[in-house]
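Asker: coordinates for the following, if possible.
(one chain, ligands or ions: 1)
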Amino acid sequence: MGWLVVLFDQVSVQYGAGPQILRDISFTLAPGSFHFLVGRSGAGKSSLLKLMYLGLRPSSGTVSLFGRDVASLSRRDFPAIRRRVGVVFQDFRLIPHLSALDNVALPLRVAGVREADIRRHCGELLSWVGLADHLGALPETLSGGQQQRVAIARAVIARPNLLLADEPTGNVDDVIGLRLMYLFEELNKLGTTVVVATHNDSLVSRFTHRQLRLEQNSLRVFDPAQPGRSRPAAAASPSSPGPA
Ligand SMILES: Nc1ncnc2c1ncn2[C@@H]1O[C@H](COP(=O)(O)OP(=O)(O)OP(=O)(O)O)[C@@H](O)[C@H]1O
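Answerer: All right, here's what the predicted structure looks like:
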């Protein structure tokens, strides 16, 4: 893959006539990279993620996904791009009338996978995240942490090119939180580019992944492998490889 998975160049975001939430943000995500996205509540983490799944257009600047400037996309292009992106929403967004297994199965059904394979894959993944006894459960009968794990399983089941997880360990204890992180790492080893937005500093400090730090509307990249060398994020040209 010669292109960058994500490229932001001088991106700003403002909701309506409100204050600027993100200001002149530039960074790139190379294929197969893994980043945490950190910043205080309200810093703009969810807004930044939205820009990466076509949930929000920048007020100014350029966002490119998989080498395509989102400003040049028509609505008809959206489904093909969205199929490449797995999203774990902060509020889960499970389909209420579908069982846990059928929620997880959605991306595979869209992709036309055989029903027998769907049931096997989804059952295995839900078992791995500790929900073997809840395959047929409706979301409303599950705890917040259980619903979160269903949402994570749905986001990763089709091995997306880009996984965006918004506070994915917010409702689970530390043991399950770590297990979910290992699931993201496994996916990352298979080539998925991963971004995990979190407030959980102790979780972040257990890993050496780069951190995208949102502070005062701006973004800095912090590399734990080179502490003290936090630097303003800079956009690369679309053809250059960007940071791994
Ligand atoms: N749809 C919207 N309309 C108006 N303002 C919004 C909208 N969505 C977010 N905001 C504002 O943008 C700012 C950043 O919100 P965002 O949800 O991106 O932050 P966050 O870092 O993800 O916060 P948290 O960690 O609490 O989830 C906040 O001040 C919020 O009120």
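Asker: for residue 209, see how far away residue 216 is.
Answerer: To residue 209, residue 216 is 23 Å away according to C-beta to C-beta, to the nearest Å. Yep, even glycine has a C-beta here, placed from its N, CA and C like the rest.
Asker: more crowded one of those two?
Answerer: More crowded of residue 216 and residue 209, by other C-beta atoms under 10 Å: residue 209, with 21 against 7.
Asker: dig out what the residue nearest to the more buried one when sequence neighbours are not counted forms beta bridges with.
Answerer: With sequence-adjacent residues excluded and distances taken as C-beta to C-beta, 6 or more residues apart in numbering, residue 209 is closest to residue 34, at 4.5 Å. With DSSP bridges as the criterion, residue 34 is bridged to residue 194.
Asker: quick one: contacts for residue 184?
Answerer: 34, 156, 163, 165, 168, 194, 196 (C-beta atoms under 8 Å, 6 or more residues apart in numbering).
Asker: quick check: the third one touching residue 86?
Answerer: Read that as residue 163. Yes - using C-beta atoms under 8 Å, residue 163 is in contact with residue 86, at 4.6 Å.
Asker: got any residues that touch both of these two?
Answerer: When contacts are counted by C-beta under 8 Å, 6+ apart, residue 163 and residue 86 are jointly contacted by 155-156, 192.
Asker: among those, which ones are in helices?
Answerer: Judged by DSSP state H, those include 155-156 as members of helices.
Asker: how about the shared contacts of residue 163 and residue 86 in TSV, adding pLDDT?
Answerer: Converted to TSV, those look like this (pLDDT from 0 to 100):
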residue	pLDDT
155	94
156	93
192	95
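Asker: of the shared contacts of residue 163 and residue 86 - the most surrounded one?
Answerer: Sorting the shared contacts of residue 163 and residue 86 by how many neighbours each has (other C-beta under 10 Å) puts residue 156 first, at 25 neighbours.
Asker: and residue 119, what does it touch?
Answerer: In this structure, residue 119 makes contact with 101, 105, judged by C-beta under 8 Å, 6+ apart.
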